[in-house]
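[1] From the sequence below, what's the structure:
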Amino acid sequence: MVQPAHTETLSEQEYLEGEWKSEIRHEYIAGETYAMVGASDRHGLIAGNLFAALRPYVRGTDCQLFMADMKLRVEAAGEVAFYYPDLLLSCDPGDRETYFRSRPCLIVEVLSEGTARIDRREKLFAYTQIPTLREYLLLSQDRVRAELHRRDADSWTTLDFTEGAVPFACLGCDLPLAVIYEDVPLPAPGAESGDTQPGFYRG
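    Here you go, the predicted model:
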């Protein structure tokens, strides 16, 4: 997100109606919309691996897991925003709007060069204002690394993982990084982000 897609401000309803008709996804911040850019193959593989691995733990619960296309409504610093997290888990049976969720338990973003600053600053601030949120997970797509922001009582702690398994308190499970990064073509050490090593990460 660099420049607003519209020069005039939009109401929430105008944004939602426009997004329903649009072929391009937009995030919404304080009345302005920002077009979403396409994702890399690594981004899609990481998000897809995590969705597939978490899905069995969702069955039979009150939780719903979404990948990429479900909007998240957030109120922070007196402003309303709508984002498209890479993964969103909502376990509140009352959080069932057709086109967005507002009371998630877990949010996941896969980092890229263009979004890392926003994901670590703007979205971190906004997401941690959500009372129901327990975990905000950031996944690197250039190396094996998970950055987990977790709510403990009334404070937040940050855990970094470069090996082993990532714990998901919302679903009571641990997932090995080898599963999350399975078959993901990671850049060779010291290479440009577009240069990948021969083969794939398999743990």
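[2] Average pLDDT for the biggest helix by length in the chain, rounded please.
    Using DSSP state H to define each element, the chain has its longest helix at helix 41-58. If you average the pLDDT over helix 41-58, you get 97.
[3] Relative to the whole chain's centre, how far out is that helix?
    11 Å (Cα atoms, centre = their mean, to the nearest Å).
[4] contacts for that helix?
    The contact list for helix 41-58, computed with Cβ atoms under 8 Å, 6 or more residues apart in numbering, reads 39, 64-65, 67-68, 86-87, 89, 108, 110, 112, 139, 141-142, 168, 171-173, 175, 179-186. Every C-beta, even on glycine, is put in place using the N, C-alpha and C of the backbone.
[5] ok, then the element right after it?
    Downstream of helix 41-58, the next assigned helix or strand under DSSP states H and E is strand 64-67.
[6] What's the first helix or strand after that following strand?
    strand 71-76.
[7] Would you mind pulling the contact partners of that next one?
    Residues outside strand 71-76 that contact it (Cβ under 8 Å, 6+ apart): 19, 80-85, 88, 97, 99-102, 104, 107, 125-127, 129-130.
[8] same deal with stretch 159-176?
    Under Cβ under 8 Å, 6+ apart, the answer for stretch 159-176 is 50, 53-54, 57-58, 61, 63, 89, 91, 105-106, 134-135, 137, 143-148, 150, 177, 180, 203.
[9] tell me the SS of Leu137?
    Judged by DSSP: H, G, I helix; E, B strand; the rest coil, the three-state class of Leu137 is strand.
[10] correct me, but it touches Pro104?
    No - counting by Cβ atoms under 8 Å, Leu137 does not reach Pro104; the two are 11.7 Å apart.
[11] Tell me which of the two has more neighbours.
    Using other Cβ atoms under 10 Å, the more surrounded residue of Leu137 and Pro104 is Pro104, with 29 against 23.
[12] For that one, which residues are in contact?
    Contacts of Pro104 by Cβ under 8 Å, 6+ apart are 72, 85, 88-90, 95, 130, 132-133.
[13] The same query, at a cut-off of 10 Å, please.
    Contacts for Pro104 (Cβ atoms under 10 Å, 6 or more residues apart in numbering) come out as 63-64, 66, 70, 72-74, 85, 87-92, 95, 127, 130, 132-136, 170.
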